[in-house]
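> structural data only, the sequence is not supplied:
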């Protein structure tokens, strides 16, 4: 019953996220707000979806919006780069594309969870995202692999794209939140012990 309840909450959260993404410029703020909910769900805390989402949306509006622009730009650049590379897949462009993609992942993977959980400057969000990914490399890499499979499912399911759109974005956020929660908890415990 607990699993069914969580799945239903994720579905509803995805609907709220999609609704708040309608003015496209709010994509980043909506994503940060969704992470404020999925981080609590990952900790098995009771969440009132609408209330927590609105609170997260307000708290992270500007920073989430800027991060959304940054992440969107990175994604568009990565897609454009790989389309060009696949036209002529020689060794050096593929390696360069792989390095660029890895850089984009490092810069962005923990950015929205960081915005949802902490107050930081944009520069520190990017710096901390990279730092956390490197410090917790193995769990971060495993989460990237799971997210890559989830994205692949979205890509493969073109015929039922709208069905996957109803659930997959928030499932990706939840997957990242599970790893982010553990990383944040360990960092906070380390910080607490050092004081």
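Sure thing, it's come through. These numbers come from a predicted model, not from an experiment.
> wait, what's in contact with the residue lying closest to residue 181 once chain neighbours are set aside?
Among residues not flanking residue 181 along the chain, residue 42 sits closest, at 4.4 Å (C-beta to C-beta, 6 or more residues apart in numbering). (Glycine included, C-beta is placed from N, CA and C.) Contacts for residue 42 were tallied using C-beta atoms under 8 Å, 6 or more residues apart in numbering; they are 174, 177-178, 180-181.
> make TSV out of those residues and add pLDDT and distance to residue 151.
What follows is the contacts of residue 42, written out as TSV (pLDDT from 0 to 100; distance: C-beta to C-beta, whole Å):
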residue	pLDDT	distance to residue 151
174	96	14
177	97	16
178	96	16
180	97	17
181	97	21
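> quick one: least confident helix or strand in the protein?
helix 161-165 (a mean of 75; mean pLDDT, DSSP states H and E).
> which other residues reach it?
18, 153-154, 157.
> now the following helix or strand past it, how far from the chain's geometric center?
Per DSSP states H and E, the first helix or strand lying C-terminal to helix 161-165 is helix 168-194. The gap between where helix 168-194 is centred and where its chain is centred comes out at 12 Å by C-alpha atoms, centre = their mean, to the nearest Å.
> what are the buried residues along stretch 46-60?
The neighbour-count check on stretch 46-60 (16 or more other C-beta atoms under 10 Å) flags 47, 49, 52-53, 56-57, 59-60 as buried.
> then stretch 60-73?
Neighbour-count burial for stretch 60-73, with 16+ other C-beta under 10 Å as criterion, is recorded at 60-61, 63-65, 67-68, 70-71.
> helix/strand/coil for residue 131?
Recorded secondary structure, residue 131: helix (DSSP: H, G, I helix; E, B strand; the rest coil).
> again with residue 120
Look at residue 120: counting by three-state DSSP, its state is coil.
> over to residue 47?
Judged by three-state DSSP, the three-state class of residue 47 is coil.
> my read: it touches residue 41, true?
Yes - contact between residue 47 and residue 41 holds when scored by C-beta atoms under 8 Å: they sit 5.8 Å apart.
> leaving out the residues flanking it, which one is nearest to the residue nearest to the spatial centre of the chain?
Nearest residue to the geometric centre of the chain (C-alpha atoms, centre = their mean): residue 173, 5.0 Å. Excluding its sequence neighbours, the residue lying closest to residue 173 (C-beta to C-beta, 6+ apart) is residue 38, at 4.7 Å.
> I'm done for today, thanks for sticking with me.
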